[in-house]
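Peer 1: Compute the structure for the input listed below.
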Amino acid sequence: MFLESGAVALRAKTKTPKAEVKPAPLPFPKAVGQAVRAIPRGQVRSYAQVALYAGRPGAARGVGREMATLPQRPDVPLPWWRVIRSDGTLAPQVAQEQARRLRAEGVEVAQRGDAFRVKVPRETPAVGGATKRRR
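Peer 2: Predicted structure coming up:
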């Protein structure tokens, strides 16, 4: 009887888990739109950060192209003004309007001549994550 119960326990431990079915990734335009809509009011993200959150790290230029072509839906507006360059500057073509909208949300926007700049938030490392040691 002892051997039989041990064999059952052994079989239970060695059962192979079923393969997880991963959902298909969203098309790039939809993933970008979802990542931009997820930016909280009063915060900004760089094109690179949006690409990362969209599941396409390294596609910052693609995000820029999508931002220029994504359709505006009145029922779910895309807050394009919350997406900025990685150095914190605003694109000259839309800088005035973007700065106005960001300031209305409480974001600090500095202006020097025709150039506008926003402080870009840094990603915080995960708690317990590896950090570099200083010598």
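
Peer 1: residue ranges of the strands in the chain, please?
Peer 2: Applying DSSP state E to the chain gives strands spanning 45-46, 83-84, 109-112, 115-118.

Peer 1: Now the closest residue to residue 46 other than its chain neighbours: phi and psi?
Peer 2: Spatial nearest neighbour of residue 46, chain neighbours left out: residue 86 (4.2 Å); criterion: C-beta to C-beta, 6 or more residues apart in numbering. From N, CA and C alone the C-beta is placed, and that goes for glycine too. With angles defined as degrees, to the nearest 10, residue 86 sits at phi -70, psi -20.

Peer 1: so how far is residue 27 from residue 86?
Peer 2: Remark: distance between residue 86 and residue 27 (C-beta to C-beta, to the nearest Å) = 24 Å.

Peer 1: The two: who's more crowded?
Peer 2: Each of residue 86 and residue 27 has its neighbours counted (other C-beta atoms under 10 Å); residue 86 has more, 12 against 9.
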